[in-house]
Structure formats: structure tokens, C-alpha cells
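Asks: Sequence first, predicted coordinates after that:
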Amino acid sequence: MTSPVYVALDTPDLETARAIAARVRTHVGGLKLGLEFFSANGPAGVHAMAELGLPIFLDLKLHDIPNTVAKAVQALRPLGPAILTVHAAGGRMMMEEAKAAAPANTKVVAVTVLTSLDDGDLASIGVAADSHAQVARLTELAREAGLDGVVCSGAEVKAAHKLWPQGYFVVPGVRPAGGELGDQKRVVTPRQALDDGASILVVGRPITKAEDPDQAARAIAATL
Ligand SMILES: O=c1ccn([C@@H]2O[C@H](COP(=O)(O)O)[C@@H](O)[C@H]2O)c(=O)[nH]1
């Protein structure tokens, strides 16, 4: 069975990313490349990582006016990512245009509420809803816009899945029991996120910063 774990390779260094990916590749289902990696290595870096033969999740969290996002997605088409992210807060038209511009076999998923935010943080940026209500609202909007799914925390995935049974649910901010949170605030264990309806799990530092990334990835896989 393919692993639901995508390892987040958050490093600007291509060789570091390649080395970690090579070590964990048999225990993960895909590679997630985000802003840090892409800003440093660009499309050539994505092509280099794709040579490892695992699906690529391009987590660029695009968020701009619809025309700009659509043109950015068009520019990313040659990379053929399995998964691409946009921010749901960009609105329905932005999401519709992102989906229309993406390759047919790329899942376009919308970030709802970042897992590093809690209800106090939402209030501080003028969002009166709590994280559960805001994730529900943005999940509905992403569904209406024709996206494939959403990114949310494990704390909301059960409710989001109920709202959208056919949706694809990406859950980052997962931590093995007792693991260091770092900047993450809405956190559950990998097992809990899967039980509650996650389609895939994103795991970064618990694997990449471990003394033995291979063993850390294996230990997480054993809990699933
Ligand atoms: O809400 C979100 C959306 C994306 N992410 C990304 O997932 C990984 C998590 O890394 P950890 O080291 O396991 O905390 C990271 O690349 C984020 O950009 C997220 O954490 N939350």
C-alpha cells in the first residue's frame, strides 16, 4: 500500500533535500516542496527532485488576484505536480482560475487556516470565526470553486470530510505523540488525522530534523 505520508523537504539546499528524500523514500508516498525549496532552487530543483520517482507536491500556497494566480499556475504546468496549493482566502474566482489553468492530473487544493494559527491569531487578523467555523466556510468555498480538496489541520479534518465526502484532505501539522510542536498550534498525531479522514499527511521536521530520518519515517509509518 502506498504511504499517505508526504515528507516536507523544507531546505534551500538541493543536495540536502535529495539526501533526505533518498533515505526516506521507501517509507513515504511523496515529496513536498515548498516556498523555501522553490525560492532557492526554482523549477530546475523540482525537476531534479522528481528524478527520485516519487509524486511531487508543490506547496506554493498561491494567493493573488485571479489573473496573476492563473498565469503562475500556467507557468508551473511543465512541472506536472501531483498536488498544488493555493490559499482559499484568495476567493472563489481565484480558485476557479487556478483549477482551470492546472494540468488535468494535478490536484489543486486550498489552504484553509494555516496550522500555525489558533483562534487568537485569527481574531488578530480580523477573522471573527473560530478555526473550526473558518475551515468549514473555506472548505465549502473550495468545493464550490471546483477544487479537488483542502489543506486543514487534523483538528478539523473530520468535520471538513463530512461536509465534502468526495474531497481530498491534506493534513500538515501532525506530530508523533509527545513530539515537538515548533511553530505549529493545531496539531494531532498522524494516526488520529488518518482516522478522521485525512487523504494524505504532511510531515516535515519530525522526519527531516531527526538524528536518523529513515528511522523516524519508519516509526511514523508503523503507527499508521
Ligand atoms: O496549514 C499549513 C499548510 C502547510 N504547512 C506546511 O507543512 C509543512 C509542515 O512542516 P512540519 O515541519 O511538519 O511542521 C511545512 O512545509 C509547512 O509549510 C503547514 O505546516 N500548515
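Replies: All right, it came through fine. Numbers count the residues shown, from 1 in each chain.

Asks: What is the neighbour count of the residue in the chain that the ligand sits nearest to?
Replies: Relative to the ligand, the nearest point of the chain is Gly204 (2.6 Å; C-beta to the nearest ligand atom). C-betas here are computed from N, CA, C, even on glycine. Gly204: 20 surrounding residues under other C-beta atoms under 10 Å.

Asks: same thing with the one 5 residues further on?
Replies: Neighbour count for Lys209, taken as other C-beta under 10 Å: 13.

Asks: now Val135
Replies: Count around Val135 with other C-beta under 10 Å applied: 25.

Asks: list the contacts for it?
Replies: 112-113, 150, 152-153, 156, 159-160 (C-beta atoms under 8 Å, 6 or more residues apart in numbering).

Asks: Spell out which residues of the chain are next to the ligand.
Replies: When proximity is defined as C-beta under 6 Å from any ligand atom, the chain approaches the ligand at 8, 10, 34, 59, 111, 114-115, 151, 172-173, 182, 184, 202-206.

Asks: who touches the nearest residue to Asp148 once chain neighbours are set aside in this structure?
Replies: Leaving out its chain neighbours, the residue that sits closest to Asp148 by C-beta to C-beta, 6 or more residues apart in numbering is Lys107, at 4.0 Å. Neighbour list for Lys107: 82-84, 148-149, 168 [criterion: C-beta under 8 Å, 6+ apart].

Asks: Tell me the buried residues in the helix or strand hosting Val69?
Replies: Element membership for Val69, per DSSP states H and E: helix 66-76. Neighbour-count burial for helix 66-76 flags 66, 69-70, 72-73, 76 (criterion: 16 or more other C-beta atoms under 10 Å).

Asks: ditto for stretch 207-219
Replies: Quick answer for stretch 207-219 (16+ other C-beta under 10 Å): 207-208, 210, 213-214, 216-217.

Asks: Looking at the residues you listed, which two lie furthest apart in space?
Replies: Thr208 and Asp214 (11.3 Å; C-beta to C-beta).
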